[in-house]
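Undergrad: A structural model of the following input is requested.
(chains A and B)
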There are 2 protein chains.
Amino acid sequence: MELHEIAAHLEAKEDTIIMGLIERAQYGRNREAYDRPAKGFKTNKTLFWQRMALLEAVDVQFGRFEMPEEVPFTQVHSLPLRINPIRPALPVSKYHHINLTKQIANNYFTLLDQLCATDFDGHLGSSVEADVHVLRHLSERIHYGAFYVAQKKYDEQPETYRSLIDRDDQSSIEQLLTRPEKEEEIIRRVDEKARSFQQGVNLDVRKAVDPGLIVEFYRHSVIPLTKLGEVRYLIAR
Amino acid sequence: MELHEIAAHLEAKEDTIIMGLIERAQYGRNREAYDRPAKGFKTNKTLFWQRMALLEAVDVQFGRFEMPEEVPFTQVHSLPLRINPIRPALPVSKYHHINLTKQIANNYFTLLDQLCATDFDGHLGSSVEADVHVLRHLSERIHYGAFYVAQKKYDEQPETYRSLIDRDDQSSIEQLLTRPEKEEEIIRRVDEKARSFQQGVNLDVRKAVDPGLIVEFYRHSVIPLTKLGEVRYLIAR
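TA: Purely as a prediction, here's the structure:
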């Protein structure tokens, strides 16, 4: 598996993430799904976290978390019932030590403040359903990038990385793996997609999303978290 | 709630459905997720139906099926834990007698034969996850249309509809509620959206979907099933 194939997977994932964010923006911010215990359930969890926990309890049975890039957002207790037939294309090691889901969720919730046009519309269930969908794809994108891109870059310059890892020189590792021109290419692409997916949107029936919001989310959250994951992965391996 | 507001909801739903179909097309047809018992699970259900059943068992707790247009695909046994704060905007009655999920699922599986570019890619879990997502939105679109559009049309001409209902004259009811120019407008819009959502798609990293497939699915499945639902709703009420 070549670096450009890994990049292609990340590029394809962009569509899903951007569409998912636009989908979530159709509902209100609906804070009560995130800042108080879910009504009706015997739990202290919010409606969002209750949904995430129950869905991950289902997903663990399906073997979702057998893939390195699928990192659970909640504590999952049971074991998979089926063997996931897909094996990772590139061997990655000690990836279990890296879990960026907390940061991903926090950054996403901050984005929601700007993404949602209305404060409250009562569609709590639809809101958290849309959240779970987009967060999983976001997390898969970030962890996939962190593990496979970093592993590939390491394989290309093992001595250089090894010496930085041995000195725990995280900022030099980050510098070495940063490709500013690649980042700008991603930003440009995300901007174009956020525009073309909403081309001719009927504002009477759909809420439009400012493409700049999604671009800034990529710039200040998706890309930096992927790089943070890459550094952590290299330090851990 | 006016007819044009109901139509606006259906129009907004198109985006989600089209995006969902494009998303599903990224994976192979993966027949073994649909034509044999799921490996690992102690069930005779296929992987698809096992996933649907487990997710609906979660969703019933969240009150999803308290909304008329949210019709379960599987038998759900438990009761909702929370009260859904959203009430239907228009009163509809006896909608519980109408359930088109079997036909929706069958038509969708037939579409998959053409939608998926590859027969098998091993991504069974991702395939059925994408299925559940798009099927729910499809079903919501069809049942929402069936109940609310039919109720509204009935309210506008109650005597005419009443006499046809009393004679069980289903074909005249269908004729009376059919708006060919509206159907053509939907078809045109779906075609445009299926194109613009894939504008500039990088075929090295994403599988493209022929917009004609989605258009034909609307023409021969979504629209007729909605009309069938409308007729059944009127007969039942």
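Undergrad: quick one: the strands in chain A?
TA: With DSSP state E applied, chain A shows no strands anywhere along its length.
Undergrad: which stretches of it have low pLDDT?
TA: Counting by pLDDT under 70, the ranges of chain A that qualify are A:85.
Undergrad: now do 90
TA: Applying pLDDT under 90 to chain A flags the ranges A:1-5, A:9, A:12, A:42, A:66, A:77-94, A:96-97, A:199-206, A:237.
Undergrad: need the helices for it, in chain order.
TA: Secondary structure of chain A by DSSP state H: the helices cover A:3-24, A:47-61, A:101-115, A:124-144, A:150-156, A:158-166, A:170-177, A:180-196, A:211-217, A:223-236.
Undergrad: can you lay out these as TSV showing distance to B:Pro88 and mean neighbour count?
TA: Backbone N, C-alpha and C define where each C-beta goes, glycine included. Rendered in TSV, the data for the helices of chain A read as follows (distance: least, CB to CB, whole Å; neighbours: other CB atoms under 10 Å in any protein chain shown):
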stretch	distance to B:Pro88	mean neighbour count
helix A:3-24	22	20
helix A:47-61	21	21
helix A:101-115	26	16
helix A:124-144	14	23
helix A:150-156	50	18
helix A:158-166	59	14
helix A:170-177	53	15
helix A:180-196	33	15
helix A:211-217	32	19
helix A:223-236	41	20
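Undergrad: in TSV: the ones you listed, plus distance to chain B.
TA: Putting the helices of chain A into TSV (distance: least, CB to the nearest CB, whole Å) gives the following:
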stretch	distance to chain B
helix A:3-24	4
helix A:47-61	5
helix A:101-115	16
helix A:124-144	5
helix A:150-156	17
helix A:158-166	27
helix A:170-177	21
helix A:180-196	5
helix A:211-217	14
helix A:223-236	17
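Undergrad: with distance to B:Val231 added, can I get these in a markdown table?
TA: Rendered in a markdown table, the data for those read as follows (distance: least, CB to CB, whole Å):
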| stretch | distance to B:Val231 |
| --- | --- |
| helix A:3-24 | 31 |
| helix A:47-61 | 36 |
| helix A:101-115 | 40 |
| helix A:124-144 | 28 |
| helix A:150-156 | 58 |
| helix A:158-166 | 67 |
| helix A:170-177 | 61 |
| helix A:180-196 | 38 |
| helix A:211-217 | 42 |
| helix A:223-236 | 52 |
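Undergrad: and these: which comes nearest B:Arg31?
TA: helix A:47-61 (21.4 Å; CB to CB).
Undergrad: and the nearest residue in space to A:Phe62 that is not next to it in sequence, what does it touch?
TA: The spatial neighbour of A:Phe62 that comes closest, neighbours along the chain excluded (CB to CB, 6 or more residues apart in numbering or on different chains), is B:Gly125 at 5.3 Å. If a contact means CB atoms under 8 Å, 6 or more residues apart in numbering or on different chains, then B:Gly125 has A:Phe62, A:Gly63, A:Arg64, A:Asn84, B:Leu47 as its contacts.
Undergrad: repeat that with 10 Å
TA: Taking CB atoms under 10 Å, 6 or more residues apart in numbering or on different chains as the definition of contact, the neighbours of B:Gly125 are A:59, A:62-64, A:66-67, A:70, A:82, A:84-86, B:27, B:30, B:33, B:47, B:51.
Undergrad: what subset of those is buried?
TA: Among those, those classed as buried by neighbour count (16 or more other CB atoms under 10 Å in any protein chain shown) are A:59, A:62-64, A:66-67, A:70, A:82, A:84-85, B:27, B:30, B:33, B:47, B:51.
Undergrad: and the residue lying closest to A:Val58 once chain neighbours are set aside, how far from B:Phe41?
TA: In space, A:Val58 comes closest to B:Leu54 once its chain neighbours are excluded; the distance is 4.7 Å by CB to CB, 6+ apart. To B:Phe41, B:Leu54 is 9 Å away according to CB to CB, to the nearest Å.
Undergrad: verify the stated contact: A:Thr118 with A:Ser127.
TA: No. Counting by CB atoms under 10 Å, A:Thr118 sits too far from A:Ser127 to count as a contact (11.0 Å).
Undergrad: who touches both of those two?
TA: Jointly contacting A:Thr118 and A:Ser127 under the rule CB under 10 Å, 6+ apart are A:Tyr27, A:Gly28, A:Arg29, A:Asn30.
Undergrad: now do the same contact list for the nearest residue to A:Pro211 once chain neighbours are set aside.
TA: The spatial neighbour of A:Pro211 that comes closest, neighbours along the chain excluded (CB to CB, 6+ apart), is A:Ala194 at 3.6 Å. Contacts for A:Ala194 were tallied using CB under 10 Å, 6+ apart; they are A:14, A:18-19, A:21-22, A:209-215, A:217-218.
Undergrad: that older thread, which residues are common contacts for B:Leu54 and B:Phe41?
TA: Contact criterion CB under 10 Å, 6+ apart; residues shared by B:Leu54 and B:Phe41: A:Gln61, A:Phe62.
Undergrad: of all the helices of chain A, which one comes closest to B:Leu176?
TA: Going through these one by one, with CB to CB as the measure, helix A:124-144 comes closest at 32.8 Å.
Undergrad: tell me the angle the closest one makes with helix B:3-24.
TA: Orientation of helix A:124-144 against helix B:3-24 (axes from the mean of the first three to the mean of the last three CA atoms, to 10 degrees) gives an angle of 20 degrees.
Undergrad: output helix A:124-144 in PDB with nothing but the alpha carbons.
TA: Coordinates of each C-alpha in helix A:124-144 appear next as PDB, following Å, rounded to 0.1, in the frame of the first residue of the first chain:
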ATOM      1  CA  LEU A 124     -33.000  15.700  19.700                       C
ATOM      2  CA  GLY A 125     -33.100  12.200  18.300                       C
ATOM      3  CA  SER A 126     -32.300  13.200  14.800                       C
ATOM      4  CA  SER A 127     -29.500  15.500  16.000                       C
ATOM      5  CA  VAL A 128     -27.700  12.800  17.900                       C
ATOM      6  CA  GLU A 129     -28.200  10.300  15.100                       C
ATOM      7  CA  ALA A 130     -26.500  12.700  12.700                       C
ATOM      8  CA  ASP A 131     -23.700  13.300  15.300                       C
ATOM      9  CA  VAL A 132     -22.900   9.600  15.700                       C
ATOM     10  CA  HIS A 133     -22.800   9.200  11.900                       C
ATOM     11  CA  VAL A 134     -20.400  12.000  11.200                       C
ATOM     12  CA  LEU A 135     -18.200  11.500  14.300                       C
ATOM     13  CA  ARG A 136     -17.500   7.900  13.400                       C
ATOM     14  CA  HIS A 137     -16.400   8.900   9.900                       C
ATOM     15  CA  LEU A 138     -14.300  11.800  11.300                       C
ATOM     16  CA  SER A 139     -12.700   9.600  13.800                       C
ATOM     17  CA  GLU A 140     -12.000   6.900  11.200                       C
ATOM     18  CA  ARG A 141     -10.400   9.600   9.000                       C
ATOM     19  CA  ILE A 142      -8.200  11.000  11.700                       C
ATOM     20  CA  HIS A 143      -7.100   7.600  13.200                       C
ATOM     21  CA  TYR A 144      -6.600   6.100   9.700                       C
END
